[in-house]
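Asker: Provided below for reference: sequence and predicted model.
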Amino acid sequence: MASKGRPIGATISGILYIIGGVVAVIGGIMLMVGGSFLTAFLNVPFAAAIGAGLGVFLILAGILDFFIAWGLFNLKNWARIVATIFSALSLFSFPVGTIVGIVVIYLLWFHKETKMSFH
């Protein structure tokens, strides 16, 4: 068992959501910069607006991932449910999303120690 009574399944799931949040935020920033680059240097119309819109969406998704990770670390049942929904959706993101989705769903719902710890 992890420190402070938190089961290893909640810790691993939370860490995976933090990693996903970091990737989303970095990707969002890169889309914003890349869209501006395409508009400025290659004269691609609307690239900055599209990049900014998608970038903001990814940054907000990353912030949501951080919030879910916080809930998982604090053993909040709402976080387990939201993480399960997002993990089920990630099953379609082959191969990495599929693997992460299966791991998170297993840990949150079938790992006995983790399942019993959420309230």
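Answerer: Received the coordinates, thanks.

Asker: quick one: furthest residue from the center of this protein?
Answerer: Computed with C-alpha atoms, centre = their mean, the residue of the chain farthest from its C-alpha average is residue 43, at 33.2 Å.

Asker: what ranges do the helices span in this structure?
Answerer: When assigned using DSSP state H, the helices of the chain occupy the ranges 8-42, 47-73, 77-90, 96-109, 112-117.

Asker: On the pLDDT front, check the closest residue to residue 78 other than its chain neighbours for me.
Answerer: Excluding the flanking residues, the one nearest residue 78 by C-beta to C-beta, 6 or more residues apart in numbering is residue 71, at 6.3 Å. Every C-beta, even on glycine, is put in place using the N, C-alpha and C of the backbone. What the model reports for residue 71 is a pLDDT of 97.

Asker: for the chain, what are the low-confidence residue spans?
Answerer: 1-4, 119 (pLDDT under 70).

Asker: try it again with 80
Answerer: Low-confidence segments of the chain (pLDDT under 80): 1-4, 42, 44, 119.

Asker: How much space separates the residue nearest to residue 78 from residue 59?
Answerer: When distance is defined by C-beta to C-beta, to the nearest Å, residue 71 is 19 Å away from residue 59.

Asker: Ok, residue 40 next?
Answerer: 21 Å.

Asker: Just put the helices of the chain in TSV and tack on mean neighbour count.
Answerer: Output for the helices of the chain, formatted as TSV (neighbours: other C-beta atoms under 10 Å):
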stretch	mean neighbour count
helix 8-42	18
helix 47-73	18
helix 77-90	17
helix 96-109	17
helix 112-117	14
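
Asker: before we move on, back to that, dihedrals phi and psi, the residue farthest from the centre of the chain?
Answerer: phi 60, psi 50 (degrees, to the nearest 10).

Asker: any idea how far it lies from residue 37?
Answerer: From residue 43 to residue 37 the distance is 11 Å (C-beta to C-beta).
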